[in-house]
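**Student:** okay, sequence plus prediction incoming.
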Number of protein chains: 2
Amino acid sequence: MKLATVAHGGRTTAAVLDGDRWRALPADDLSALLTTTETDRIANLAGAELPDATPVLPLPSPRKVVCCGLNYGDHITEMGRELPAHPTLFAKYADTLTGPEDDLLIPPGVDVDWEAELAVVVGAELYRADRGTAERAIAGYTVANDISVRDWQKRTLQWFQGKAWDRTTPLGPVVVTPDELDPVAGVEVICRVNGVERQRGNTSTLVFDAADLLAYISTFTVLRPGDLVLTGTPGGVGSGMNPPVFLAFGDLVETEIPGIGTLRNRFRRTDLRLTDFRHTDLRHTDSRS
Amino acid sequence: MKLATVAHGGRTTAAVLDGDRWRALPADDLSALLTTTETDRIANLAGAELPDATPVLPLPSPRKVVCCGLNYGDHITEMGRELPAHPTLFAKYADTLTGPEDDLLIPPGVDVDWEAELAVVVGAELYRADRGTAERAIAGYTVANDISVRDWQKRTLQWFQGKAWDRTTPLGPVVVTPDELDPVAGVEVICRVNGVERQRGNTSTLVFDAADLLAYISTFTVLRPGDLVLTGTPGGVGSGMNPPVFLAFGDLVETEIPGIGTLRNRFRRTDLRLTDFRHTDLRHTDSRS
């Protein structure tokens, strides 16, 4: 199955693809549907055809969005690093997500980079689960781009403040169930900027696959239906280029996983101010001198 | 005002302290109350007296719990480090929180440490706010202990997996409004383990105070009423001792901020299994050899 949240007639609804037509499912979006309905019951719930339906952000309200870094074996070994014994994890928010065709609105003066990723959608509650249980709890897979504000990411040792900018992680356009897509066998993860391919990795080289990550995360925190786990990005990010390249206003970022679909997001300037933090440093320096 | 969520007659309710009696407020808990009610209207809403009311986790459902590390100036300078130009931030979840007298249930085989902290409760929506706006949006202050699973925290560069174990961060017992408590002037933050004082810091030495942190975080993500920001811990954690000391099953952790109150949490063993991750390492090592 291909599942989505679609815009139709001024509202959104969960939907399932039937041939080339979307059919309504009984919830306002996939987050709500997965909270109330087991994945294997969804196919029976398909209702009316929805002409002119457009996929939007498929999962608008996950409670948890956990991301893995440093997870593509080929990229890690080409960088001369050891394969990690444990996944590197950090958090985003539901607020961090945005739709498959939405603009990425960012203020001027920050270094913005791309990170194409496979995202895993949780379909059942998991707590201290083993790998087999975690594997059976995967509702499906979708495409994400872990757009990163590199200068903020590197301000301190913790990446979080460069990774959790509101409405900067596009997700979608659809969620494909595991019977139709097998990332362990391998799917390609591709990023293009203004039509130029910058990343192409294969999920068969993931050090920690989807079931590994769900089991590992569930050791310390419960995962619930609709939660998301992003599996990391392959080589080819802008900050790894020499000299580093960052996104410029007007750039088009396309993120593709064949078998799922393509995100198309344009990077646009917002004039909402950045907080000037200099006064704070001065205040504390003064009080100490 | 001193606000709380209290257990009373088999349910919970938001409440305000009137002398030595709790009076009911019109919501099931403080998270719900702050979402619907501006802080300066709360005093007018006090209802019936609640005899035998007991404070429980005051904020059960924040959307965001953002934590700051390395924030006590005296501890940073005593360690010979430079004062940071930017706050080090990481995330916890609503699931990470637990009540002011709850046991901390942790499986055997991990290194658990204490971190007494002042927590800030957000009272109004903030996005790209300046310091003055952020200061006016503080609903109040409460006590937290950022209990940390040190070995998991140090498995990778990102602390998150050692900081987000479900039901390990006690919070409460009450939320004190800013007219009654001024952390910039200074309040003490104290941790005792089995009655022995291990930490005592003063919030007047915070590099980034509550308003700084709210303004800074609001630069990248919206903060909403009921969200929490933990302001960091002073010196004296167990992993900084020589040799390092961690909590043992049965230990009592007391976390106190005079003017707010004291958390009393006993560290107990749970036999819920830890995921054994060794198979994954082997699987990937094998496939590569």
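**Tutor:** Here it is on my side, so go on.

**Student:** give me the number of residues near residue A:155?
**Tutor:** 19 (other Cβ atoms under 10 Å in any protein chain shown). In short, each C-beta sits where N, CA and C put it, glycine included.

**Student:** so where does it fall, helix or strand?
**Tutor:** Here residue A:155, judged by DSSP states H and E, is contained in no helix and no strand.

**Student:** against chain B, how distant is it?
**Tutor:** According to Cβ to the nearest Cβ, to the nearest Å, residue A:155 and chain B sit 4 Å apart.

**Student:** in this structure that residue contacts residue B:86, no?
**Tutor:** Yes: counting by Cβ atoms under 8 Å, residue B:86 is a contact partner of residue A:155 at 4.3 Å.

**Student:** could you pull out the strands for the stretch 101-250 of chain A?
**Tutor:** Per DSSP state E, counting those that start in this stretch, the stretch 101-250 of chain A carries strands over the ranges A:104-106, A:112-113, A:116-122, A:138-145, A:148-149, A:169-176, A:188-193, A:196-202, A:228-230.

**Student:** I'd like the mean pLDDT over the second one, please.
**Tutor:** Looking at strand A:112-113 alone, the average pLDDT works out to 98.

**Student:** sheet partners, orientation included, of it?
**Tutor:** For strand A:112-113, the paired strands and their directions (DSSP bridges) are strand A:148-149 (antiparallel).

**Student:** now the third one
**Tutor:** Strand A:116-122 pairs in its sheet with strand A:138-145 (antiparallel), strand A:228-230 (antiparallel), by DSSP bridges.

**Student:** can you list the residues of the stretch 1-150 of chain A near chain B?
**Tutor:** Contact residues (Cβ under 8 Å from any Cβ of the partner chain) of the stretch 1-150 of chain A with chain B: A:63-64, A:69-70, A:73, A:83-91, A:93-96, A:127-131, A:149.

**Student:** what subset of those residues is buried?
**Tutor:** Buried members of the residues of the stretch 1-150 of chain A next to chain B, scored by 16 or more other Cβ atoms under 10 Å in any protein chain shown, are A:63-64, A:69-70, A:73, A:84, A:87-91, A:93-96, A:128-129, A:131, A:149.

**Student:** what does stretch A:9-28 contact?
**Tutor:** Outside stretch A:9-28, the residues within contact range by Cβ atoms under 8 Å, 6 or more residues apart in numbering or on different chains are A:1-6, A:8, A:29-30, A:32-33, A:36-37, A:42-43, A:45-51, A:53, A:56, A:174.

**Student:** kindly report the same for stretch A:262-274.
**Tutor:** A:98, A:100-110, A:112, A:143-145, A:170-173, A:247-256, B:127-128, B:219.

**Student:** what's the end-to-end length of stretch A:80-90?
**Tutor:** One end of stretch A:80-90 sits 23 Å from the other (Cα to Cα, to the nearest Å).

**Student:** ditto for stretch A:222-240
**Tutor:** Start-to-end span of stretch A:222-240 (Cα to Cα) is 34 Å.

**Student:** where along chain A do the helices fall?
**Tutor:** Assigned by DSSP state H, the helices in chain A fall at A:30-36, A:73-78, A:131-136, A:150-153, A:160-163, A:210-218, A:278-288.

**Student:** which one of these has the poorest average confidence?
**Tutor:** Minimum mean pLDDT among those: helix A:278-288, a mean of 37.

**Student:** mean confidence (pLDDT) on stretch A:256-264, please.
**Tutor:** Stretch A:256-264 comes out at a mean pLDDT of 98.

**Student:** buried sites along that stretch?
**Tutor:** Buried residues in stretch A:256-264, counted by 16+ other Cβ under 10 Å: A:256-257, A:260-264.

**Student:** from the residues you listed, which is closest to residue B:189?
**Tutor:** residue A:263 (44.8 Å; Cβ to Cβ).

**Student:** which ones are touching residue A:99?
**Tutor:** Neighbouring residues of residue A:99 by Cβ under 8 Å, 6+ apart: A:55-57, A:170-172.

**Student:** pipe these into JSON lines and attach pLDDT and neighbour count per row.
**Tutor:** Output for the contacts of residue A:99, formatted as JSON lines (pLDDT from 0 to 100; neighbours: other Cβ atoms under 10 Å in any protein chain shown):
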{"residue": "A:55", "pLDDT": "98", "neighbour count": "23"}
{"residue": "A:56", "pLDDT": "98", "neighbour count": "21"}
{"residue": "A:57", "pLDDT": "98", "neighbour count": "26"}
{"residue": "A:170", "pLDDT": "98", "neighbour count": "25"}
{"residue": "A:171", "pLDDT": "98", "neighbour count": "29"}
{"residue": "A:172", "pLDDT": "98", "neighbour count": "28"}
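
**Student:** switch the residues you listed over to JSON lines; also include distance to residue B:165.
**Tutor:** Formatted as JSON lines, these follow (distance: Cβ to Cβ, whole Å):
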{"residue": "A:55", "distance to residue B:165": "36"}
{"residue": "A:56", "distance to residue B:165": "34"}
{"residue": "A:57", "distance to residue B:165": "29"}
{"residue": "A:170", "distance to residue B:165": "30"}
{"residue": "A:171", "distance to residue B:165": "27"}
{"residue": "A:172", "distance to residue B:165": "31"}
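
**Student:** ok so, going back, now the helices of chain A as a markdown table including distance to residue A:233?
**Tutor:** Below are the helices of chain A laid out as a markdown table (distance: least, Cβ to Cβ, whole Å):
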| stretch | distance to residue A:233 |
| --- | --- |
| helix A:30-36 | 23 |
| helix A:73-78 | 8 |
| helix A:131-136 | 22 |
| helix A:150-153 | 13 |
| helix A:160-163 | 12 |
| helix A:210-218 | 14 |
| helix A:278-288 | 32 |
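
**Student:** residue B:185 is nearest to which of those helices?
**Tutor:** Closest of the helices of chain A to residue B:185 is helix A:278-288, at 12.8 Å (criterion: Cβ to Cβ).

**Student:** pLDDT weak spots in the stretch 51-200 of chain A?
**Tutor:** Along the stretch 51-200 of chain A, no part satisfies pLDDT under 70.

**Student:** about what we covered before: which among the buried residues of stretch A:256-264 gets closest to residue B:197?
**Tutor:** Using Cβ to Cβ, the buried residues of stretch A:256-264 come closest to residue B:197 at residue A:263, 53.5 Å.

**Student:** quick check: the residue nearest the centre of chain A vs chain B, distance?
**Tutor:** Against the mean C-alpha coordinate of chain A, by Cα atoms, centre = their mean, the closest residue is residue A:144 at 3.3 Å. Applying Cβ to the nearest Cβ, the value for residue A:144 to chain B is 17 Å.

**Student:** which residues does that residue bridge with?
**Tutor:** Beta-bridge partners, per DSSP bridges, of residue A:144: residue A:117, residue A:171.

**Student:** so who does it touch?
**Tutor:** A:116-119, A:169-171, A:228, A:230, A:255, A:263.

**Student:** next one: residue A:112
**Tutor:** By Cβ under 8 Å, 6+ apart, the contact set of residue A:112 is A:104, A:106, A:147-150, A:168, A:246-247, A:267.
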